[in-house]
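In: Model the structure of this input:
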Amino acid sequence: MDRIIVEGFVCYAHHGVLPEEISLGQEFHVSIELGVDLSSHHDDVIEAVPDYRKAVMIIEEVMYGESCQLLETLACRIADKLLNVPGIIEAAVEVRKPNPPIPGIQGGVGVLVNRRR
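Out: Numbers count the residues shown, from 1 in each chain. Model prediction:
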């Protein structure tokens, strides 16, 4: 299967379990890997492939939309919406908090989900 990769979407949003996470917000990082079939691709036109700009709009819609407590919920919502885009067969979505409010965590926390049509 072929892949379209979008790495390092960074946003400031209001998700989390703690009241401070909701009221103050925090930084999130989102990366996606889309499974597509490009085996018959021959035309150099955007209409011939899944447009990753639409995928970025879906990430924005979810991340700036309704507040969620869990990274798992955010990742699943993004993946489910990506599978509604024509030509996307599979979606891997990683959502990370680089600075979670957990003592001792230096590298952040994240969730990676995989969905297939």
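
In: residues touching Lys81, list them.
Out: Contact analysis of Lys81 by Cβ atoms under 8 Å, 6 or more residues apart in numbering lists Ile58, Glu61, Val62. Glycine gets a C-beta too; all of them are placed from N, C-alpha and C.

In: Over to Asp44?
Out: Asp44 touches nothing, counting by Cβ under 8 Å, 6+ apart.

In: quick one: which of the contacts of Lys81 is most hemmed in?
Out: Val62 (25 neighbours; other Cβ atoms under 10 Å).

In: now whatever helix or strand that one lives in: how far from the chain's centre is it?
Out: Assigned by DSSP states H and E, Val62 belongs to helix 52-63. Here the centre of helix 52-63 is set off from its chain's centre by 8 Å, with Cα atoms, centre = their mean, to the nearest Å.

In: for stretch 41-55, same thing?
Out: So, by Cα atoms, centre = their mean, the centroid of stretch 41-55 is 19 Å from its chain's centroid.

In: Identify each buried residue in it, please.
Out: By 16 or more other Cβ atoms under 10 Å, the buried positions in stretch 41-55 come out as Val49, Pro50, Tyr52, Ala55.
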